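> sequence and predicted structure are below.
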2 protein chains.
Amino acid sequence: MDLVIVGSIGIDDIKTPFGEKKDILGGSAVYASYAASFFAQPGMVSIKGTDLADEELEFLKKKEISLEGISTKGKNFRWSGSYEFDMNEAKTLKTEINSLADFDPTVPDSYKDAKYIFLANTDPDVQIKVIEEMKNPELIVLDTMNFWIESKKEKLLEAIKKSHVLIFNEGEAKQLFDTPNLIKAGKEALKLGLKAVIIKKGEHGSLLFEEKGLFNCPGYPLEELKDPTGCGDTFGGAFIGYYAKAKDIRKAMVYGSVLASFNAEDFGLNNLRKITQKDIDERFEEMKSLRSF
Amino acid sequence: MDLVIVGSIGIDDIKTPFGEKKDILGGSAVYASYAASFFAQPGMVSIKGTDLADEELEFLKKKEISLEGISTKGKNFRWSGSYEFDMNEAKTLKTEINSLADFDPTVPDSYKDAKYIFLANTDPDVQIKVIEEMKNPELIVLDTMNFWIESKKEKLLEAIKKSHVLIFNEGEAKQLFDTPNLIKAGKEALKLGLKAVIIKKGEHGSLLFEEKGLFNCPGYPLEELKDPTGCGDTFGGAFIGYYAKAKDIRKAMVYGSVLASFNAEDFGLNNLRKITQKDIDERFEEMKSLRSF
């Protein structure tokens, strides 16, 4: 067990200008774990409903992802969203929290020695509880979203301060630090005592802030995208997975961009489930030529 | 004379969250020529009003910019704009075209052998006229804006086809090729027979499309910006200036980003007029570390 990934397992209804899918598997822990599994052996900590059959998650085991930290209770978390023509932001049509409301994670003993933790977007109380259960984590990466900034800001800041890397998106960065300037927001975030701060900018790539300076990671140039759902979680999962393997934070972001680009090319996890290590390596090489001058 | 720069000379009123300035010198030809002058010797082709004293342009001559192609007539073109908190887009409060409406440029004989031409945003008819007056141009770079896409699309496409490089911004690219996807827009533009297409994305940098592949040029990370007016023209001017000097299209874009970042740090040309070659070289080096992985 290299790393622990905490987040949701969802059943999604997704509509984009390129089609509509109902009852497909999603959730931050699923996207992140699958992406991480190309580089490391993740263990999931999550909750699912009885309406999601165990067999639906079997393919994760084949990628050597541990499901030991998944509990089952009540009805599964469900999300329904749609994307407009520009595909930039999901419009949430409906959210049924269901069993995710009772998500009070217990980290299996077999996970507790893992050095790397990815806390995908969840309740900051849940994030803190997991951090406290781990024995000796080396790198804790925390993702969050506007909902927690608005409803639980103090608790969220507490969770961030217990982490090493904060990953959030452009809008959330501006909101949390009350500035329209991303560079200012990133530097402010760093002052919370973090080792690194990553701001995700969708198609425009991502920015890394460290004490020693900035890194600008481009987005992979994608001509055809069908469904961006889970791209942020895929980025985060590939990031921590590659970091766990090679301890290179910049390359980890580039792999994050590469995996997110594959994810956007089809609905749900369809395309991630098709790609090979060779596909990933090819896009990684392309990313080099994309930015050399 | 290395290159010819065609565009406007303006008198601007600018209001941003960081202050307000009235009657300051602006215009696409002024920003572009000043930026280009760090790398090459530009000659301006433009029109000004009698209400703009010749002395106001004296500082351009000190940068070895030729003013021979500037005619004087009537009242000067005036623009008044404001920026909101996010500084992303200017809101035009007032435009007085004045003598710019009669801009029927005659390229001085001493300019006609120049190999490089930057056609800043102007009427496509004006752009075509200049192209036809040049003897043997090697690289014609054309900038445009939504106004011409909406009002003179066919003429604009004709001007583009007579050029080698098209520079426009994100919104204009999506509008001209009727797609929300920038990669698709850039590739479509390339099909018009261009050698290269550059899409400017403001703080998110710019994209270069060539037959042989893409280049993603980051924006210089700026924490404090006071006035983005003229950044696009500054980018274009530095781009053609450096290209005229070194024939390296990718590095030319990076210098474009660097000069635009300096420009945004103060109102009008204030900061461009202060910086030295050393300042420019330092930011260019920073751009390298910003993207290495």
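Right, received. Where do you want to start? Numbers count the residues shown, from 1 in each chain, chains lettered A, B, ... in the order given.
> the most centrally placed residue in chain A is in what secondary structure piece?
Compute the mean C-alpha point of chain A, and by Cα atoms, centre = their mean the closest residue is A:D233, 2.2 Å away. Using DSSP states H and E, A:D233 sits within helix A:231-246.
> that helix near chain B at all?
No: residues of helix A:231-246 are not located near chain B by Cβ under 8 Å from any Cβ of the partner chain, the shortest gap being 11.4 Å. The C-beta positions use only the backbone N, C-alpha and C, and glycine is treated the same way.
> next SSE after that helix?
Downstream of helix A:231-246, the next assigned helix or strand under DSSP H and E is helix A:249-264.
> does chain B sit close to that next one?
Yes: Helix A:249-264 reaches chain B (Cβ under 8 Å from any Cβ) through A:R250, A:K251, A:M253, A:V254.
> okay, the angle between that helix and helix A:231-246?
Helix A:249-264 and helix A:231-246 are oriented at 140 degrees to each other (axes from the mean of the first three to the mean of the last three Cα atoms, to 10 degrees).
> show me what counts as buried in helix A:249-264.
Residues of helix A:249-264 classed as buried by neighbour count (16 or more other Cβ atoms under 10 Å in any protein chain shown): A:249, A:251-264.
> could I get the buried residue list for whatever helix or strand comes next after it?
Using DSSP H and E, the helix or strand that follows helix A:249-264 in sequence is helix A:277-291. The neighbour-count check on helix A:277-291 (16+ other Cβ under 10 Å) flags A:I280, A:R283, A:F284, A:E286, A:M287, A:L290, A:R291 as buried.
> can you give me the helices in the stretch 101-250 of chain A?
In the stretch 101-250 of chain A, the helices defined using DSSP state H, counting those that start in this stretch lie at A:124-133, A:146-151, A:153-161, A:170-176, A:182-190, A:231-246, A:249-264.
> what packs against the second one?
It refers to helix A:146-151. helix A:153-161, helix A:170-176 (3 or more Cβ pairs under 8 Å, 6 or more residues apart in numbering or on different chains; DSSP states H and E).
> the same query, at a cut-off of 6 Å, please.
helix A:170-176 (3 or more Cβ pairs under 6 Å, 6 or more residues apart in numbering or on different chains; DSSP states H and E).
> which positions in the stretch 151-293 of chain A make contact with chain B?
Residues of the stretch 151-293 of chain A found near chain B (Cβ under 6 Å from any Cβ of the partner chain) are A:180, A:183-184, A:204, A:214, A:216, A:218, A:221, A:223, A:250-251, A:254, A:290-291, A:293.
> B:D113: which of those is nearest?
A:F293 (29.8 Å; Cβ to Cβ).
> so how many other residues sit close to that closest one?
17 (other Cβ atoms under 10 Å in any protein chain shown).
> what sits closest to it if chain neighbours are left out?
B:R250 (3.9 Å; Cβ to Cβ, 6 or more residues apart in numbering or on different chains).
> can you read off the pLDDT for the one you found?
If you check B:R250, the pLDDT there is 98.
> from B:A185, how far out is it?
Per Cβ to Cβ, to the nearest Å, B:R250 is found 20 Å from B:A185.
> element containing A:D12, please.
strand A:10-16.
> do that strand and chain B come into contact?
No: using Cβ under 6 Å from any Cβ, strand A:10-16 stays clear of chain B, with a minimum separation of 11.7 Å.
> and that strand, average pLDDT?
96.
> with stretch A:181-194 instead?
Stretch A:181-194 comes out at a mean pLDDT of 97.
> mind listing what's buried along it?
Using 16+ other Cβ under 10 Å as the test for burial, stretch A:181-194 gives A:N181, A:L182, A:I183, A:K184, A:A185, A:G186, A:K187, A:E188, A:A189, A:L190, A:L194.
> and B:L208, which of the helices of the stretch 101-250 of chain A is closest to it?
Judged by Cβ to Cβ, the one of these that comes nearest to B:L208 is helix A:249-264, at 18.1 Å.
> and that closest one, what does it pack against?
For helix A:249-264, the elements it packs on are strand A:213-217, helix A:231-246, helix A:277-291, judged by 3+ Cβ pairs under 6 Å, 6+ apart.
> work out the gap between that helix and the centre of the chain.
Its chain's average C-alpha position is 11 Å from that of helix A:249-264, according to Cα atoms, centre = their mean, to the nearest Å.
> of all of the stretch 1-150 of chain A, which residue lies closest to chain B?
A:D86 (4.1 Å; Cβ to the nearest Cβ).
> residues in contact with the helix holding A:D233: which ones?
The contact list for helix A:231-246 (Cβ atoms under 6 Å, 6 or more residues apart in numbering or on different chains) reads A:2-3, A:28, A:31-32, A:35-36, A:39-40, A:116, A:118, A:120, A:141, A:143, A:167, A:200, A:252, A:255-256, A:259-260, A:263-264.
> and the pLDDT at A:T95?
91.
> before we move on, which element is it in?
strand A:90-96.
> what angle separates that strand from strand A:10-16?
Going by the same axes, to 10 degrees, strand A:90-96 makes 140 degrees with strand A:10-16.
> strand A:90-96: which residues count as buried?
Residues of strand A:90-96 classed as buried: A:A90, A:E96 (neighbour count, 16+ other Cβ under 10 Å).
> and that strand, which strands flank it?
strand A:78-83 (antiparallel) (DSSP bridges).
> list every C-alpha atom in the partner strand, with coordinates, as CSV.
Only the C-alpha atoms of strand A:78-83 are listed here, as CSV (Å, rounded to 0.1, in the frame of the first residue of the first chain):
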residue,chain,number,x,y,z
ARG,A,78,-25.9,10.3,-6.7
TRP,A,79,-25.0,13.3,-8.8
SER,A,80,-26.6,14.6,-12.0
GLY,A,81,-25.0,17.3,-14.0
SER,A,82,-24.9,18.9,-17.4
TYR,A,83,-22.4,20.8,-19.5
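> what average pLDDT does it get?
Predicted confidence along strand A:78-83 averages 95 (mean pLDDT).
> how far is it from where the chain is centred?
On Cα atoms, centre = their mean, the centre of strand A:78-83 falls 17 Å from that of its chain.
> got a list of contacts for that strand?
Identification of contacts with strand A:78-83 by Cβ under 6 Å, 6+ apart yields A:10-13, A:15-16, A:90-96.
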